[in-house]
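Q: Need coordinates for the below:
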Amino acid sequence: MYLLIGIVFGITMMKSETVSWFCIYEMFIFESFHKYGIIGVAFFLGVIMTQIIKRYKIKSFYGEAILFPPK
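A: Below you'll find the predicted structure:
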């Protein structure tokens, strides 16, 4: 399952040209918003998915409860 998710993630990154050296270069000289948009979407989805896991008590692939220890 993890291998399949990794392959799909890799193909997605290649197709969106996120792993291109030119795209990374443009990000560091602030000429392109492409990378910052991807980072922002990833952060937003991470927050949303964490809240969904906490609220609906979603379990892992192995049926174990996903716990978030308090900080």
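Q: from the chain's centre, how far out does the lowest-mean-pLDDT helix or strand in the chain sit?
A: When the helices and strands of the chain are scored by mean pLDDT, DSSP states H and E, helix 21-28 comes last with a mean of 85. The chain centroid and the centroid of helix 21-28 are separated by 19 Å, computed with C-alpha atoms, centre = their mean, to the nearest Å.
Q: Convert the C-alpha atoms of that helix to CSV, please.
A: What follows is helix 21-28, C-alpha atoms only, in CSV (Å, rounded to 0.1, in the frame of the first residue of the first chain):
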residue,chain,number,x,y,z
TRP,A,21,15.6,22.2,-11.0
PHE,A,22,14.4,25.3,-12.8
CYS,A,23,11.2,25.5,-10.8
ILE,A,24,13.2,25.2,-7.5
TYR,A,25,15.5,27.9,-8.8
GLU,A,26,12.6,30.2,-9.6
MET,A,27,11.2,29.7,-6.1
PHE,A,28,14.5,30.8,-4.4
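Q: Contacts for it, please.
A: Helix 21-28 has contacts (C-beta atoms under 8 Å, 6 or more residues apart in numbering) with 17, 32, 34, 35, 36. (Each C-beta comes from the backbone N, C-alpha and C, glycine too.)
Q: Buried residues in that helix, which are they?
A: residue 27 (16 or more other C-beta atoms under 10 Å).
Q: swap in stretch 52-68?
A: Neighbour counts over stretch 52-68 (16+ other C-beta under 10 Å) mark residue 53 as buried.
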